[in-house]
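Undergrad: quick one, structure for this:
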Amino acid sequence: MVSEIERREISELASLLGVNKEETLRLALREGIHELRIRKAIELYVSGKASVKQAARFAGLDLADWFAIAMEKNLMVQIRPEELEEDVAALQELK
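TA: Residues are numbered from 1 along each chain as shown. As a prediction, the model looks like this:
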């Protein structure tokens, strides 16, 4: 259920964006999901429950974008030895 305050916020945002309310809700939902995925990925990574690659994948980002977020959030990026081994093996396969 959407409160009256939320309805007003949606209407105001729709006007600012120059789109209808439905499109505003779709944009807000898409952006909200993206931000929630990043927030959860950071939480999993910081707690040690996800590797760099797993966190990036969960956030829906490539490694370069994940590293950019990690720098922005002042996260210590730790790559596990087995991850490096996998990357080296993948690179050797490209030869």
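Undergrad: where along this protein do the strands fall?
TA: For the chain, applying DSSP state E gives no strands.
Undergrad: the bottom helix or strand of it by mean pLDDT?
TA: Across the helices and strands of the chain, mean confidence by mean pLDDT, DSSP states H and E is lowest for helix 81-93: a mean of 69.
Undergrad: run a quick neighbour tally on L27.
TA: 14 (other Cβ atoms under 10 Å). Yep, even glycine has a C-beta here, placed from its N, CA and C like the rest.
Undergrad: which ones are touching it?
TA: 17, 19 (Cβ atoms under 8 Å, 6 or more residues apart in numbering).
Undergrad: quick one: the helices in this structure?
TA: Ranges of helices within the chain are 4-17, 21-46, 52-59, 63-72, 81-93, based on DSSP state H.
Undergrad: just name the most buried of these.
TA: Sort the helices of the chain by mean neighbour count, taking mean count of other Cβ atoms under 10 Å, and helix 52-59 sits at the top with a mean of 19.
Undergrad: show me what that helix is packed up against.
TA: On a contact count with 3 or more Cβ pairs under 8 Å, 6 or more residues apart in numbering; DSSP states H and E, helix 52-59 meets helix 21-46, helix 63-72.
Undergrad: spatially central, which residue of this structure would that be?
TA: In the chain, the centroid-proximal residue (Cα atoms, centre = their mean) is I38; its distance is 3.0 Å.
Undergrad: what's stretch 75-88 in contact with?
TA: Contacts with stretch 75-88, where a contact means Cβ under 8 Å, 6+ apart, come from 42, 45-46, 51-53, 67, 69-70.
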